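Chemist: give me coordinates for this.
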Amino acid sequence: MIGRLQCVVLDCHYPAGLAHFYAELLGGAVDRPDPRWSLDEEWATVHVPGGMVLAFQRVEDYHPPMWPDPAHPQQFHLDVEVADLDAAEAKVLALGAELKDRESGWRVYLDPAGHPFCLVRAHSAE
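Modeler: Numbers count the residues shown, from 1 in each chain. Model (predicted):
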């Protein structure tokens, strides 16, 4: 091992707003004090249950990915496991997500800054 993942950082226009979107989606604390970085209008964080940290940095001339346009690739996306796709969809749409595609076991959305993420149906342990 060379290192340990500190956080995942997403570019956006409005870091605080996107941090609150993901806190509602995944749970966790927005802008919890952490000695690893400062928090201001340019940077926001969400400490999600389990220890992972998502960070959001302001980019003045931010241009979101254009899923599924290969000329403007998605760069990365998050898969979020849920027990009930329909119930989870209603909640993320109410938070400001945009539905882009439906499949039988997963759905693709854009967050308020245009980053794609998927809700995937949880599989029961057999």
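Chemist: tell me what the helix or strand bottoming out on mean pLDDT in the chain is packed against?
Modeler: Every helix and strand in the chain was compared by mean pLDDT, DSSP states H and E; the lowest is strand 78-82, with a mean of 88. Using 3 or more C-beta pairs under 8 Å, 6 or more residues apart in numbering; DSSP states H and E, the elements in contact with strand 78-82 are strand 116-121. The C-beta positions use only the backbone N, C-alpha and C, and glycine is treated the same way.
Chemist: just checking: what are the partner strands of the strand it packs on?
Modeler: Strand pairing for strand 116-121, determined by DSSP bridges: strand 78-82 (parallel), strand 106-110 (antiparallel).
Chemist: and Cys31, what does it touch?
Modeler: Quick fix: residue 31 reads Asp, not Cys. 16, 19, 39, 44-45 (C-beta atoms under 8 Å, 6 or more residues apart in numbering).
Chemist: quick one, phi psi at it?
Modeler: According to degrees, to the nearest 10, the main-chain angles of Asp31 amount to phi 50, psi 40.
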